[in-house]
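> Requesting a structural model of the entry that follows:
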Amino acid sequence: MQAQPSEKIAAASGIQSRQVRATLALIDGGATVPFIARYRKEATGGLDEVAITTIRDLAARMAELDNRRVAILKSLAKNGHLNDALEARIMAAETIGSLEDIYLPYRPKRRTRAMIAREKGLEPLAEALFAQTGADPALLAAPYLDPAKSVESIEDALSGARDLMAERINENEEARAALRQLFFDRAQLTSSIVKGKEREGANYRDYFEWSEAASRAPSHRILAIRRGEKEDVLNMSIRPPEEDAVGLLVSRFVSSGGADGEQVRLAVVDAYKRLMSRAMETEIRLATKARADEDAIRVFAANLRQLLLAPPLGAKSVMGVDPGFRSGCKLACLDRQGQLVHHATIQPHLSRRAAEQAASAVQKLCQRFSIEAIAIGNGTASRETEAFFRGLSLENRPPVVIVNESGASVYSASDIARLEFPDLDLTFRGAASIGRRLMDPLAELVKIEPKSIGVGQYQHDVDQGALKQALDDVVISCVNHVGVDVNRASVQLLTYVSGLGPRLAENIVAFRNANGPFRSRDALKQVPQLGPKAFEQAAGFLKILDGGNPLDASAVHPESYDIVHRMAADLGCRLDQLLTQADLRRRIEPQRYVGDRVGLPTLTDILAELDKPGRDPRQAFEPFAFDPDITEMADLSAGMKLPGIVTNITAFGAFVDVGVHQDGLVHISELADRYVTDPHKCVSVNQQVEVTVLEVDMARKRIALSMKARPEKRRRAKVNPSPSARKAPSKSWASGKKKSAPRKPFHNPFQEALKNKH
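All right, here's what the predicted structure looks like:
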């Protein structure tokens, strides 16, 4: 009897069958992963989002397998091959590979060499040879000579018989399974440079002559070599040693040491080289690609989660700055709600006079709009622009922050940006986006396709469907984890709320614009097309911060409000007292409220939320500043210790921005003083770190960094810029001071600004 899908998923995932069944029922009923994880813990036994997503994805894969099974059964029935035994084997197949192996002999084929031999009547000869009775092949072949059928010689007959035997060997299920296992266990991934492409393939020089076990090849190497092959600069192969593969088949099919056994051996070699090796290499290529994709997507998803959940500055008046030299710096002044109130261009880098005019303009704007922070994009001229702003004498000394602007240009040219700022130039849109990223990274980054944010690894080489699914899952998870202020959220942010989507998000914003802010969650039911199911899925994640019911600002679901009111009534207090007085909450006995609909897991979550209703789960914002004396690669030298911020994490290490317009790499071996298998266990995107410069390669624009307490010296000679390659000390037009040659002790002016403010 075939196992039920829930049992198969349970076996594959290690999750209990009852949990799988409950989760699948909820998913089939239209529930989303965040909703199930937060509000249906009793049903699933407390499964988290990772486990629920695993169940969902395994169910989808099994559905694909079943669809292929149905298609094969239809084909077999149509062509008259289907019988009870064959159907049973097909129904029992548990992988695509085994399913295709069963189907292979019956698959409609183009005209093959074996078909031609069969038409010539050579099948009995092939059977006789394959039996390996010790008979002379020439004597066996003699009766089949027939010039009318183009069998004019003994060799013609034997060649046709070998074609038939090769087909038989190729279609043998057990042989294919054994050979497949050999490929997966022993195959070597090799690459070599295409002759004459040495200059074009310079970026792939590490793979000009490369070989390693395919089963152990890391994802980034597989994807890099595949990209080189796609660009026609590398040759790539994934095969085990040929003698091992042929030997495996010979031991299975050759049983005679005589001349007839030699004919079978020749058929085995032909079957492997002409038919089986190509098919198996295709399979292992797909398998290693799938594994590499999975690893790369996992890294990308982890990076994206960390970036989206970066600490927000919060509701502050911010000046966003898109820096530039010749075209000037574009300024966007935003109010505490992130609305654009003014935009302007300054030219701080053209001349002293222009810098003085820019300084005066910035001072007036900061005073006029009560600017509380300045966000500068990390593109061209960012460090020079940062120095200009830090040199200004501004009232209240608003902190200056360098903000990662990856994807800002994509947003600026998008339909979303045109809707938000229809009359604004692209560069001003970018400045506004930079300012908003500082205020709330999540709310702003959801407007950009995740692939454009710049935290991936070979994102254009992996399966785009799987990548989109994984990144959408991350965005949905993060948005619902944080929750959304329904009276301030954009359409894009609301789109990712559980149970909504683009149409309902647009309806919510349109209703809000027409009728004013929502005063309660219950008022959401008035939104067109937002029915009971959508309300159930979304309500707990939509917050009303200034409404009449304080629970509307919390993650307590409306379906549980009656429980909280009962708690307050049992304590003889008002709801607002329950939320503000911890001594009252400590008197609650959750077991008293357990019922058919609500269990201890949900009650525990409710009590935890009452302790911190509506609190943002993201960490508090921490100020950061680069070393002011280090602004370009020429300023770096081996041994320097610098502050940096992690911008991207890959399977082989972490990239760190030290403020020189070129991220440095902390190789996985330099992340810690211990052995590291996963860089995410040591660092996270946006983490502030201290690094030591190991090597500066000016020619290749590469910076090697270390986070070890005592980094080891590199074996290769360090490539440091010569004194003549270093630029002369630069001037700050705002201050008129030269950059001093000796390096000063590093201090964080942003931290100072916050201390002075308090």
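
> following the lengthiest helix in the chain, which helix or strand shows up next?
Secondary structure of the chain per DSSP state H: the longest helix is helix 277-308. Under the assignment DSSP states H and E, the closest C-terminal helix or strand after helix 277-308 is strand 318-322.

> For that following strand, name the packing helices and strands.
With contacts taken as 3 or more Cβ pairs under 8 Å, 6 or more residues apart in numbering; DSSP states H and E, strand 318-322 sits against strand 329-334, helix 352-368, strand 373-377, helix 426-439. The C-beta positions use only the backbone N, C-alpha and C, and glycine is treated the same way.

> Show me how far that strand is from its chain's centre.
29 Å (Cα atoms, centre = their mean, to the nearest Å).

> strands paired with it, and their directions?
strand 329-334 (antiparallel), strand 373-377 (parallel) (DSSP bridges).

> Now render those strands as a markdown table, adding mean pLDDT, distance to Glu506 and mean neighbour count.
As requested, these are exported to a markdown table (pLDDT from 0 to 100; distance: least, Cβ to Cβ, whole Å; neighbours: other Cβ atoms under 10 Å):
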| stretch | mean pLDDT | distance to Glu506 | mean neighbour count |
| --- | --- | --- | --- |
| strand 329-334 | 96 | 24 | 26 |
| strand 373-377 | 94 | 29 | 26 |
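
> Tell me which of these approaches Ala271 most closely.
strand 373-377 (60.8 Å; Cβ to Cβ).

> What distance do you get for Val594 to Ser560?
Distance, Val594 to Ser560, using Cβ to Cβ, to the nearest Å: 13 Å.

> Contacts only, for the nearest residue in space to Arg437 that is not next to it in sequence.
Nearest residue to Arg437, sequence neighbours excluded (Cβ to Cβ, 6 or more residues apart in numbering): Glu444, at 4.8 Å. By Cβ atoms under 8 Å, 6 or more residues apart in numbering, Glu444 lies in contact with 433, 436-437.

> for these, which one is nearest Lys543?
Nearest to Lys543 among these, with distances taken as Cβ to Cβ, is Arg436, at 19.0 Å.

> Which of the contacts of Glu444 sits closest to Lys289?
Once Cβ to Cβ is applied, the member of these that ends up nearest Lys289 is Arg437, at 34.1 Å.

> domain ranges for this structure?
Domains of the chain are assigned by automatic domain parsing as 5-106, 144-303, 318-475, 633-729.

> how far is the shortest one from where the chain is centred?
From the chain centre to the centre of domain 633-729 is a distance of 24 Å (Cα atoms, centre = their mean).

> So for it, mean pLDDT?
The average pLDDT for domain 633-729 rounds to 82.

> now do the first one
Throughout domain 5-106, pLDDT has a mean value of 91.

> Any idea how far apart the tips of it sit?
For domain 5-106, the first-to-last residue distance is 27 Å (Cα to Cα, to the nearest Å).

> Kindly state which of the domains of the chain is positioned closest to Leu542.
Leu542 lies closest, by Cβ to Cβ, to one member of those: domain 5-106, at 12.2 Å.

> show me what contacts the nearest residue in space to Gly499 that is not next to it in sequence?
Using Cβ to Cβ, 6+ apart and skipping residues adjacent in sequence, the residue nearest Gly499 is Gln537, 2.5 Å away. Neighbouring residues of Gln537 by Cβ under 8 Å, 6+ apart: 30-32, 35, 498-500.

> Repeat that for Ile72.
Going by Cβ under 8 Å, 6+ apart, Ile72 touches 90, 99, 102-103.

> let's see it at 7 Å
For Ile72, the contacting residues are 90, 99, 103, by Cβ atoms under 7 Å, 6 or more residues apart in numbering.

> picking that back up, could you confirm the residue nearest to Arg437 falls within a helix?
Yes - counting by DSSP: H, G, I helix; E, B strand; the rest coil, Glu444 is found in a helix.

> how much space between it and Gly338?
Taking Cβ to Cβ as the measure, Glu444 falls 8 Å from Gly338.

> cool, Lys364 as well?
22 Å.

> And Asp485, by the same measure?
In this view, Asp485 and Gly338 are 11 Å apart by Cβ to Cβ.

> list the buried ones in the host helix or strand of Gly228?
Per DSSP H and E: Gly228 is located in helix 219-230. Buried residues in helix 219-230, defined by neighbour count with 16 or more other Cβ atoms under 10 Å: 219-229.

> If we only consider those, which is nearest to Thr650?
The closest of the buried residues of helix 219-230, once distances to Thr650 are taken by Cβ to Cβ, is His220, at 6.2 Å.

> residues in contact with that closest one?
Applying Cβ under 7 Å, 6+ apart, the residues near His220 are 457-458, 650-652.

> Ok, Ala443 next?
Counting by Cβ under 7 Å, 6+ apart, Ala443 has contacts 490, 493.

> ditto for Asp673
Counted by Cβ under 7 Å, 6+ apart, Asp673 has contacts 708-709.

> phi, psi of it?
phi -80, psi 0 (degrees, to the nearest 10).

> Likewise for the one 4 residues further on?
Thr677 has phi and psi values of phi -100, psi -30 when expressed as degrees, to the nearest 10.

> Pull up the gap between Ala608 and Tyr593, please.
Taking Cβ to Cβ, one finds Ala608 at 14 Å from Tyr593.
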